[in-house]
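>>> Quick one: sequence and predicted model below, then my questions.
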Amino acid sequence: MRRTIGVNTWVWTSPLDDASLREIAAKAAGMGFGAIELPVEQPGDWSADAAADVLSEHSLDPVVIGAMGPGRNLVAAPGSETVATQNYLVHCIGVAERLGASVVAGPFTAATGRTWRMDGVERAERYAELRASLGPVVRAAERSGIRLAIEPLNRYETSLVNTVDQALEALGPLLGPGLGLALDTYHLNIEEKHIGDAVRAAGEHLAYVQVCGNDRGAVGDDHFDWPAFLDALDDVGYDGALGLESFTGDNDTIAVAASVWRPLAPSQDALAERSIRYLEALQDERERR
């Protein structure tokens, strides 16, 4: 199965704006990417109307990415904060609808980097709270023909949902047309005992996939078993895009948030180019079998 390769604008900049999107979209299309991930860090950073024109010009499929910055929480937070987070996610759904995107992906549980210890009782309570907070958002997504894709994060970035099994436990009754899972190879590599088994456990609920080298660098310049990973995606019938997500170290805020303390490639362009060349060559090889 051949999949579109996408790239996140965070590879080059943060926050995204209209001018940088025009530049990045042209660059990404020139490299051969067929999709682009558009982070909504703050509503209004960039225009969905302008983005729709730019993406159409370069024949790029849109994927909307949500960012759970400080104060965005759906559990263990004041009611006003939960409502504001719900409203933010509904805004992201509206952006996706305007762009013609089918997925809004991100770690939609609690603020990234927020961690605390929980016993089994509290974890069950927080998962129930998460489902209650997500319910209205999932229904809004389903009405719009959009699917939220919730991403498990590694243990250093959240204590709520780290693995596919935890995501299935936390979200089970809500999973369906309006809600699925987003899996990121960076987090899978840290948290899952067997990555292929985790992908297969996600099964029909797998709504989106993000990729990068195990060190957040270029795909293929690492120890990750990419052929086996694509085999697992084939097994569950995932035919969506593979979105390259990495981060520029040139922006202080994003470098600290993503722990980018050293260059991950000779340049950000090289990181993107090496990744798409490797993935396209791997897909070519698989098609020749």
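That came through fine. Residues are numbered from 1 along each chain as shown.
>>> what's next to the helix or strand bottoming out on mean pLDDT in the chain, contact-wise?
Ranked by mean pLDDT, DSSP states H and E, the weakest helix or strand in the chain is helix 252-257, scoring a mean of 79. Residues from elsewhere that reach helix 252-257, judged by C-beta atoms under 8 Å, 6 or more residues apart in numbering: 10, 14, 112-113, 247-249, 260-261. C-betas here are computed from N, CA, C, even on glycine.
>>> again, only using 7 Å
The contact list for helix 252-257 (C-beta atoms under 7 Å, 6 or more residues apart in numbering) reads 10, 14, 247-249.
>>> Could you export those as JSON lines, including secondary structure and neighbour count?
JSON lines is the format used below for these (DSSP: H, G, I helix; E, B strand; the rest coil; neighbours: other C-beta atoms under 10 Å):
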{"residue": "10", "secondary structure": "helix", "neighbour count": "26"}
{"residue": "14", "secondary structure": "coil", "neighbour count": "23"}
{"residue": "247", "secondary structure": "coil", "neighbour count": "23"}
{"residue": "248", "secondary structure": "coil", "neighbour count": "18"}
{"residue": "249", "secondary structure": "coil", "neighbour count": "17"}
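>>> Minimum pLDDT in those, which residue is that?
Of all the contacts of helix 252-257, residue 249 carries the smallest pLDDT score, 85.
>>> Secondary structure class of residue 149, three-state.
strand (DSSP: H, G, I helix; E, B strand; the rest coil).
>>> again with the one 3 residues further on
Taken by three-state DSSP, the conformation at residue 152 corresponds to coil.
>>> Helix or strand next in line after the host helix or strand of residue 37, which one?
Here residue 37, judged by DSSP states H and E, is contained in strand 35-40. As assigned by DSSP H and E, the chain's next helix or strand after strand 35-40 is helix 48-57.
>>> related to what we said a few turns ago, pull out the buried residues from the following helix or strand past the least confident helix or strand of the chain.
Next helix or strand after helix 252-257 toward the C-terminus (DSSP H and E): helix 268-287. Under the neighbour-count criterion of 16 or more other C-beta atoms under 10 Å, helix 268-287 has 268, 271-279, 282-283 buried.
>>> Identify each buried residue in the least confident helix or strand of the chain, please.
Quick answer for helix 252-257 (16+ other C-beta under 10 Å): 254, 257.
>>> Same check on stretch 125-142?
In stretch 125-142, counting by 16+ other C-beta under 10 Å, buried: 126-127, 130-131, 133-134, 137-138, 140-142.
>>> cool, and stretch 119-126?
By 16+ other C-beta under 10 Å, the buried positions in stretch 119-126 come out as 123, 126.
>>> ok now it, how far from the chain's centre?
Computed by C-alpha atoms, centre = their mean, to the nearest Å, the chain-centroid distance of stretch 119-126 equals 26 Å.
>>> and what of stretch 76-89?
From the chain centre to the centre of stretch 76-89 is a distance of 20 Å (C-alpha atoms, centre = their mean).
>>> what's that stretch in contact with?
66, 71-74, 108, 126, 133, 136-137.
>>> rewinding a little: narrow the buried residues of stretch 125-142 to those in helices?
Taking DSSP state H as the definition of helices, the buried residues of stretch 125-142 contribute 126-127, 130-131, 133-134, 137-138, 140-142.
>>> what's the burial count for residue 21?
Per other C-beta atoms under 10 Å, the neighbour tally for residue 21 reads 21.
>>> Which of the ones in helices among the buried residues of stretch 125-142 lies at the shortest distance from residue 164?
Residue 164 lies nearest to residue 127 out of those, by C-beta to C-beta, at 14.4 Å.
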